[in-house]
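Q: predicted model and sequence below, questions to follow.
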Amino acid sequence: MFGDFFSRALIAGVGLAGVTGPLGCFVVWRRMAYFGDTMAHSALLGVALSILLSVNMTLGVFAVAALVAGALLLLQRQNTLSTDALLGILSHSSLAVGLVIVGFLTQARIDLMGFLFGDILAVSAEDIFVIYGGGIAILLILFLNWRPLLAATVSPELAEAEGLKPEVSRIILMLLMASVIAIAMKLVGVLLITSLLIIPAATARRLSATPEMMAAVAAVLGAVAVIGGLFGSRTWDTASGPSIVVMALAVFLVSLAVPTERLFGRREINGA
Amino acid sequence: MLEKPSKETLITLSGAGVRSGGRTLVEGVDLTIGRGEIVTLIGPNGSGKSTTAKMVTGVLKPSMGTVWRKAGLTIGYVPQKLSIDWTLPLTVERLMTLTGRHEDREIGMALEAVGATRLRRAAVQELSGGEFQRVLFARAMIRKPDLLVLDEPVQGVDFSGEEALYALIRQIRDTTQAGILMISHDLHVVMAETDTVLCLNGHVCCRGTPGMVKQSPEYLRLFGARNGLAIYEHHHDHEHHADGCVVGDEHEHAGHTHAH
């Protein structure tokens, strides 16, 4: 089903980009890049634990990423170490613990490189169902909660005073990120997931006038990066995951040259 | 002493206070805001102004006393400071619908009311301090709130902008009859139209009309007699004689030109 491995990779990658684009906007707006990285690194621990306990890997990765996010929330309330330092501890220790556990799992053959950098060309039809099923669920939750999520991002204080629940919005976003990481891990690997969240969103910023437009543009740019990266990797025989990220970076660099003032009728040009 | 039976009561705090982490942030706050009333909170940093405002908006639940709110009370909130990151593309128009859906026509009217029609398509990051504050007022007003909570509304606005904002607050009060709770950034300045000033310092240390607070021994002890309370006056005439019987007294102290 879904033709050859290359078509499957394209379908899976484009589907993933459609989710990481809009969700990545929130990562950029809320300055959660390092936070996303930490959750992604913890995915390897999720993989190791799933194999150890023989549970479904996608569920295992989701659970561990969500737990790490929850642990961070609790540690932040202690008001001792800075969030930055806490993230550093969680990020690298969960990656390291994951790697150590993988080392003990001698009975199972584990493609470590595949988990670290992804193997989008090995995507199965079943994986595509998971990506599209999970992706549609994530987008639906994002769509239904869009206004409160955005209000909480602009000002939690204001959102709360006007009857919204910014704390709930924050938890929703964390769970959505854990879900995206769980479904994206096989494709681009734990070390490169956050790039698909951040680079398309950052690129879309200069090309968008509203938050909704930025989310849509980020999804399209992510898809462009996936398609361009995959064709590039086929042409030059390069690793597929990193090629996608390189393509996303290329699009970002090109976007820097676009004169945004010409795209949107600004009232005045800053610094003029 | 400030009973106004004719006004619909929007919110009442009785003996309300918040304790957090073994520390009392504020206690014993009695406060009533009616339709069309302006209540101003003044006090030094950490005196419980924000905590009191948060009890009013419902963000904080009182750990002592009670808060009564009119059923279905809609609150509009103008935050003290709102910095919107460059990464978030937000036009004034989009900001207007941040916490609720509103029609195009309503957005136009709300912006027109604060004189910000021409800013509709501007990015919020490009607005000046005064412009942004006006837009935030419009955003709060579009909700047609019963109660408007203003957290230090004139902070960071220059003098002429300050005067314009006070005029705007007056206009909002007169046209919408919303109750207004204002946290003042300045210990020594309150708007002349304020019906009640609450002077906080962990508790309510004095209260009354601006004129009464100005002369109260507690106020003078707390903030010094030398630079006492100035009542912010506007320099043009205005009409809210419907309130005349209510505000007559403090206007005398305020040096107002109403005939008595």
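A: Thanks, I have it. Residues are numbered from 1 along each chain as shown, chains lettered A, B, ... in the order given.
Q: quick one: furthest residue from the center of chain B?
A: B:Thr87 (30.6 Å; Cα atoms, centre = their mean).
Q: quick check: that residue vs B:Pro62, distance?
A: 37 Å (Cβ to Cβ, to the nearest Å). For the C-beta atoms, the positions are set from N, CA and C on the backbone; glycine is no exception.
Q: circling back to that earlier point, and the residue farthest from the centre of chain B, which helix or strand is it part of?
A: Element membership for B:Thr87, per DSSP states H and E: none, as it lies in no helix or strand.
Q: pLDDT score for it?
A: Listed pLDDT for B:Thr87 reads 90.
Q: the closest residue to it other than its chain neighbours is in what secondary structure piece?
A: Of all residues not flanking B:Thr87 in the chain, A:Val28 sits nearest, at 5.0 Å (Cβ to Cβ, 6 or more residues apart in numbering or on different chains). Following DSSP H and E, one finds A:Val28 within helix A:5-29.
Q: what's the answer for A:Met174, then?
A: helix A:166-188.
Q: so that helix, near chain B or not?
A: No: using Cβ under 8 Å from any Cβ of the partner chain, helix A:166-188 never reaches chain B; the gap is at least 9.9 Å.
Q: how far does that helix sit from the chain's center?
A: 8 Å (Cα atoms, centre = their mean, to the nearest Å).
Q: stretch A:104-112 now?
A: Its chain's C-alpha centre and that of stretch A:104-112 lie 26 Å apart, by Cα atoms, centre = their mean.
Q: same check on stretch B:14-27?
A: 22 Å.
Q: stretch A:31-46 too?
A: A distance of 9 Å separates the centroid of the chain from that of stretch A:31-46, by Cα atoms, centre = their mean.
Q: and the angle from the following helix or strand past the helix holding A:Val28 to helix A:166-188?
A: Counting by DSSP H and E, the next helix or strand C-terminal to helix A:5-29 is helix A:33-53. Here helix A:33-53 runs at an angle of 60 degrees relative to helix A:166-188 (axes from the mean of the first three to the mean of the last three Cα atoms, to 10 degrees).
Q: and helix A:33-53, what does it pack onto?
A: helix A:5-29, helix A:57-78, helix A:83-104, helix A:112-117, helix A:166-188, helix A:193-205 (3 or more Cβ pairs under 8 Å, 6 or more residues apart in numbering or on different chains; DSSP states H and E).
Q: got TSV for these, with mean pLDDT and distance to B:Val149 too?
A: Below are the helices and strands packed on helix A:33-53 laid out as TSV (pLDDT from 0 to 100; distance: least, Cβ to Cβ, whole Å):
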stretch	mean pLDDT	distance to B:Val149
helix A:5-29	94	25
helix A:57-78	88	27
helix A:83-104	89	29
helix A:112-117	84	51
helix A:166-188	91	17
helix A:193-205	94	32
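Q: for stretch B:24-43, measure first residue to last.
A: End-to-end distance for stretch B:24-43, by Cα to Cα, to the nearest Å: 16 Å.
Q: pretty sure B:Thr12 sits against B:Val67.
A: Yes: using Cβ atoms under 8 Å, B:Thr12 is in contact with B:Val67, at 7.4 Å.
Q: that concludes my questions; thank you for your assistance.
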